[in-house]
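Visitor: A structural model of the following input is requested.
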Amino acid sequence: MMTAVLLPAFGQEPPVSIRGEENMKQVLPYIQIGMHNDEHVVVVVDDYELADFIEDYLGDDCNLPFDYRTRVERQGGEVITLHFPTSSRLQEIEDSLKKLSSGEVEDIYRLNN
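Guide: Purely as a prediction, here's the structure:
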(Lines give C-alpha, C1' and ligand atoms only; values in the text may rest on other atoms or scores of the structure.)
Protein backbone atom coordinates (compact mmCIF):
# COMPACT_ATOMS: atom_id res chain seq x y z
CA MET A 1 0.00 0.00 0.00
CA MET A 2 1.23 3.50 -0.81
CA THR A 3 1.95 5.98 1.95
CA ALA A 4 0.70 9.50 1.34
CA VAL A 5 2.37 12.68 2.53
CA LEU A 6 0.94 16.16 2.69
CA LEU A 7 1.36 18.05 -0.55
CA PRO A 8 2.98 21.51 -0.52
CA ALA A 9 0.93 24.64 -1.02
CA PHE A 10 0.31 25.72 -4.61
CA GLY A 11 3.32 27.52 -6.02
CA GLN A 12 5.82 25.62 -3.87
CA GLU A 13 7.81 22.89 -5.58
CA PRO A 14 9.92 21.06 -3.03
CA PRO A 15 10.37 17.38 -3.88
CA VAL A 16 7.84 15.14 -2.20
CA SER A 17 7.71 11.41 -2.06
CA ILE A 18 4.59 9.30 -2.35
CA ARG A 19 6.37 5.96 -2.23
CA GLY A 20 7.66 5.45 -5.73
CA GLU A 21 6.89 8.94 -6.97
CA GLU A 22 9.92 11.17 -6.46
CA ASN A 23 10.34 14.83 -7.33
CA MET A 24 6.70 15.60 -7.97
CA LYS A 25 5.89 19.03 -9.39
CA GLN A 26 2.87 21.05 -8.28
CA VAL A 27 1.12 22.20 -11.48
CA LEU A 28 -2.21 23.35 -10.07
CA PRO A 29 -3.80 23.46 -6.62
CA TYR A 30 -4.18 19.86 -5.36
CA ILE A 31 -2.56 18.42 -8.52
CA GLN A 32 1.02 17.20 -8.96
CA ILE A 33 2.83 15.50 -11.84
CA GLY A 34 5.96 13.39 -11.99
CA MET A 35 7.45 10.04 -12.89
CA HIS A 36 6.76 6.77 -11.10
CA ASN A 37 10.01 4.83 -10.67
CA ASP A 38 11.30 6.61 -13.81
CA GLU A 39 8.95 4.37 -15.82
CA HIS A 40 5.75 6.26 -16.49
CA VAL A 41 4.01 9.58 -15.83
CA VAL A 42 1.72 9.92 -12.83
CA VAL A 43 -0.68 12.68 -11.87
CA VAL A 44 -1.51 12.85 -8.16
CA VAL A 45 -4.81 14.52 -7.24
CA ASP A 46 -5.90 15.35 -3.69
CA ASP A 47 -9.63 14.75 -4.18
CA TYR A 48 -11.83 12.06 -5.74
CA GLU A 49 -14.20 14.47 -7.54
CA LEU A 50 -11.31 16.53 -8.86
CA ALA A 51 -9.59 13.33 -10.06
CA ASP A 52 -12.72 12.38 -12.03
CA PHE A 53 -12.71 15.80 -13.66
CA ILE A 54 -9.00 15.51 -14.53
CA GLU A 55 -9.53 11.98 -15.93
CA ASP A 56 -12.31 13.22 -18.21
CA TYR A 57 -10.42 16.34 -19.25
CA LEU A 58 -7.15 14.59 -20.09
CA GLY A 59 -8.80 11.53 -21.65
CA ASP A 60 -11.66 13.13 -23.58
CA ASP A 61 -10.53 16.68 -24.30
CA CYS A 62 -6.78 16.10 -24.66
CA ASN A 63 -6.73 12.50 -25.90
CA LEU A 64 -4.36 11.54 -23.06
CA PRO A 65 -6.04 8.54 -21.40
CA PHE A 66 -4.51 6.99 -18.29
CA ASP A 67 -3.85 3.25 -17.84
CA TYR A 68 -5.01 2.82 -14.26
CA ARG A 69 -5.55 4.65 -11.00
CA THR A 70 -4.54 3.97 -7.43
CA ARG A 71 -5.93 5.58 -4.32
CA VAL A 72 -4.79 6.15 -0.78
CA GLU A 73 -7.17 6.95 2.06
CA ARG A 74 -6.15 9.90 4.20
CA GLN A 75 -7.84 12.00 6.81
CA GLY A 76 -10.35 14.15 4.96
CA GLY A 77 -10.58 12.08 1.79
CA GLU A 78 -8.50 10.25 -0.76
CA VAL A 79 -5.39 10.90 -2.80
CA ILE A 80 -5.83 9.55 -6.33
CA THR A 81 -2.86 8.72 -8.56
CA LEU A 82 -3.45 8.41 -12.30
CA HIS A 83 -0.86 6.23 -14.02
CA PHE A 84 -0.27 6.90 -17.72
CA PRO A 85 1.12 4.59 -20.44
CA THR A 86 4.90 4.52 -20.82
CA SER A 87 4.44 6.15 -24.23
CA SER A 88 2.92 9.27 -22.60
CA ARG A 89 5.15 12.32 -22.33
CA LEU A 90 5.28 14.21 -19.04
CA GLN A 91 5.58 17.61 -20.74
CA GLU A 92 2.49 17.01 -22.89
CA ILE A 93 0.38 16.07 -19.87
CA GLU A 94 1.77 18.95 -17.81
CA ASP A 95 1.07 21.46 -20.61
CA SER A 96 -2.51 20.16 -20.90
CA LEU A 97 -3.06 20.51 -17.15
CA LYS A 98 -1.71 24.06 -17.17
CA LYS A 99 -4.47 25.05 -19.60
CA LEU A 100 -6.97 24.64 -16.76
CA SER A 101 -7.63 27.61 -14.51
CA SER A 102 -6.69 27.46 -10.86
CA GLY A 103 -10.11 28.90 -10.03
CA GLU A 104 -11.93 26.06 -11.77
CA VAL A 105 -9.77 23.50 -9.97
CA GLU A 106 -10.45 25.21 -6.61
CA ASP A 107 -14.21 25.23 -7.28
CA ILE A 108 -14.26 21.49 -8.03
CA TYR A 109 -12.13 20.71 -4.97
CA ARG A 110 -14.49 22.69 -2.73
CA LEU A 111 -17.46 20.52 -3.79
CA ASN A 112 -16.31 17.83 -1.33
CA ASN A 113 -14.00 19.72 1.00
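
Visitor: flag the shaky bits of this protein, pLDDT-wise.
Guide: For the chain, the stretches flagged by pLDDT under 70 are 1-22.

Visitor: which residues in it form strands?
Guide: For the chain, strands defined by DSSP state E occupy the ranges 21-28, 31-36, 40-45, 68-74, 77-83.

Visitor: for those, give me TSV that also has distance to residue 61.
Guide: Every residue, glycine included, has its C-beta placed from N, CA and C. What follows is the strands of the chain, written out as TSV (distance: least, CB to CB, whole Å):
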stretch	distance to residue 61
strand 21-28	15
strand 31-36	15
strand 40-45	14
strand 68-74	18
strand 77-83	15
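
Visitor: between these, which one is closest to residue 106.
Guide: Residue 106 sits nearest to strand 21-28 of all those, at 9.0 Å, using CB to CB.

Visitor: what comes up buried for the closest one?
Guide: Across strand 21-28, burial judged by 16 or more other CB atoms under 10 Å covers 21, 24, 26, 27, 28.

Visitor: just list whatever residues bridge to the third one.
Guide: Just to be clear, that refers to residue 26. residue 32 (DSSP bridges).

Visitor: surely it and residue 43 touch.
Guide: No: at 11.4 Å, residue 26 does not count as touching residue 43 under the criterion of CB atoms under 8 Å.

Visitor: shared neighbours, the two?
Guide: Jointly contacting residue 26 and residue 43 under the rule CB atoms under 8 Å, 6 or more residues apart in numbering are residue 32.

Visitor: what is the neighbour count of residue 97?
Guide: Neighbourhood size, residue 97 [other CB atoms under 10 Å]: 20.

Visitor: which residue sits closest to it, ignoring its sequence neighbours?
Guide: Spatially, and ignoring its direct neighbours in sequence, residue 97 is nearest to residue 27 (4.9 Å; CB to CB, 6 or more residues apart in numbering).

Visitor: okay, the strands of the chain, which one's buried deepest?
Guide: Among the strands of the chain, the stretch with the highest mean neighbour count (mean count of other CB atoms under 10 Å) is strand 40-45, at a mean of 24.

Visitor: what's it packed up against?
Guide: strand 21-28, strand 31-36, helix 48-56, strand 77-83, helix 90-98 (3 or more CB pairs under 8 Å, 6 or more residues apart in numbering; DSSP states H and E).
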